[in-house]
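Sequence and predicted structure are below.
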Amino acid sequence: MNLTVSLIVMLVAYTSGAIMEAIFGNKISSRFIPIQNVCVGIISGLICYFGGLEKNLLVSIGSCMMATLSAGGITHLINSVKEKN
């Protein structure tokens, strides 16, 4: 189940990122990335819940939101370390 949830989060994040890039390009400020991550987490949680992977809606949304926000935090940390060097 964990691998399937991770794949769903990855696909939703990639798809939404590609759509946002196509619509807005680089015009969106980076301060809106956490909001995008929360939306991706909610959408992924709903997909996992209605797909039958998780029986509790709150747990499904919570775990998917933790995954997206953690990935966003790790990406930010990596980018800040690269900028300092």
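That came through, no problem.

so how far is Thr4 from Ile47?
Distance of Ile47 to Thr4, computed by C-beta to C-beta, to the nearest Å: 10 Å. (C-beta placed from N, C-alpha, C; glycine too.)

Which pLDDT value belongs to Ile8?
Looking at Ile8, its pLDDT stands at 85.

Pick out whichever of Ile47 and Thr4 has more residues nearby.
A direct count of neighbours by other C-beta atoms under 10 Å for Ile47 and Thr4 places Ile47 higher, at 17 against 11.

Just give the number of residues close to Ile74.
10.

Okay, it and Val59: tell me how far apart.
Taking C-beta to C-beta, one finds Ile74 at 22 Å from Val59.

And Ile42, by the same measure?
With C-beta to C-beta as the criterion, Ile42 and Val59 are 13 Å apart.

Who has more neighbours out of the two?
Ile42 (16 against 13).

That one: what's it in contact with?
Ile61, Cys64, Met65 (C-beta atoms under 8 Å, 6 or more residues apart in numbering).

Out of the residues you listed, grab the one that's most surrounded.
Cys64 (27 neighbours).

Tell me how many other residues surround Gly62.
Residues lying near Gly62 (other C-beta under 10 Å) number 14.

ok, and the closest non-adjacent residue to it?
In space, and not counting its chain neighbours, Gly62 is closest to Gly45: 7.3 Å by C-beta to C-beta, 6 or more residues apart in numbering.

Repeat that for Leu57.
Going by C-beta to C-beta, 6+ apart, Leu57 has Tyr49 as its nearest residue, at 4.9 Å.

For that neighbour, give me its contacts.
Asn56, Leu57, Ser60, Ile61.

Which of the helices or strands spans the third one?
In other words, Ser60. helix 57-84 (DSSP states H and E).

where does this structure have low pLDDT?
1, 85 (pLDDT under 70).

same thing but at 80, please
1-3, 17, 20-21, 24-30, 75-76, 79-80, 82-85 (pLDDT under 80).

quick one: the residue sitting nearest the centre point of it from Glu83, how far?
The residue lying closest to the centre of the chain (C-alpha atoms, centre = their mean) is Thr68, at 3.5 Å. The gap separating Thr68 from Glu83 is 22 Å, by C-beta to C-beta.
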